[in-house]
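build me a model from this:
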Amino acid sequence: MEKDLDYYMSLPYAITVIPDPQSGSYVAKINELPACITQAESLPELMNMIQDAKRCWLDSALQDGIEIPEPIDLSDTEPSKFLLRLPKSLQRDLAARAKLEGVSLNQYMLYQLARSVGPTSMQGPAQDEMAATVAG
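Here you go, the predicted structure:
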């Protein structure tokens, strides 16, 4: 299969939407395509604009011979275990905090890591508007 603009446009790239509560506008970026970002006043407009930004980004990359990353397939990721060396003082502080919260150190660390990555979904009116845009 030829990897042309239509091929890349059909791929399911992850889009991050960031609402701005102060202005009511939104920013969207495609995670795998560096600097592929746009902004709009509404979610329907944002979805159109991010597709346009994606098309322009991909078209420029193809013309310039830049390697285009394909979407990351997260469906095949499995829970994993990893070893992390901590200074004794940090481990002591984390264990004390976990105990204060009434959870295991493992649960506390998982919570803190998840929190640092950020929300995985929007809440409230932005989420409702996004759902209606995607469904409609």
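
low-confidence ranges, the chain, go.
Where the chain drops to pLDDT under 70, the residues are 1, 74, 76-77, 118-136.

can you do 90?
For the chain, the stretches with pLDDT under 90 are 1-2, 14, 16, 18-24, 31, 43, 71-84, 101, 106-136.

what segments of it are strands?
Taking DSSP state E to define them, one finds strands in the chain at 15-19, 26-30, 37-40.

just tell me which of those ends up closest to Tyr7.
strand 26-30 (15.6 Å; C-beta to C-beta). C-beta here means a position set from N, CA and C on the backbone, and glycine is covered the same way.

quick one, phi psi at Gly65?
phi 70, psi 20 (degrees, to the nearest 10).

run a quick neighbour tally on Gln22.
6 (other C-beta atoms under 10 Å).

so what's it up against?
Going by C-beta atoms under 8 Å, 6 or more residues apart in numbering, Gln22 touches no other residue.

measure Gln63 to Cys56 for me?
Per C-beta to C-beta, to the nearest Å, Gln63 is found 11 Å from Cys56.
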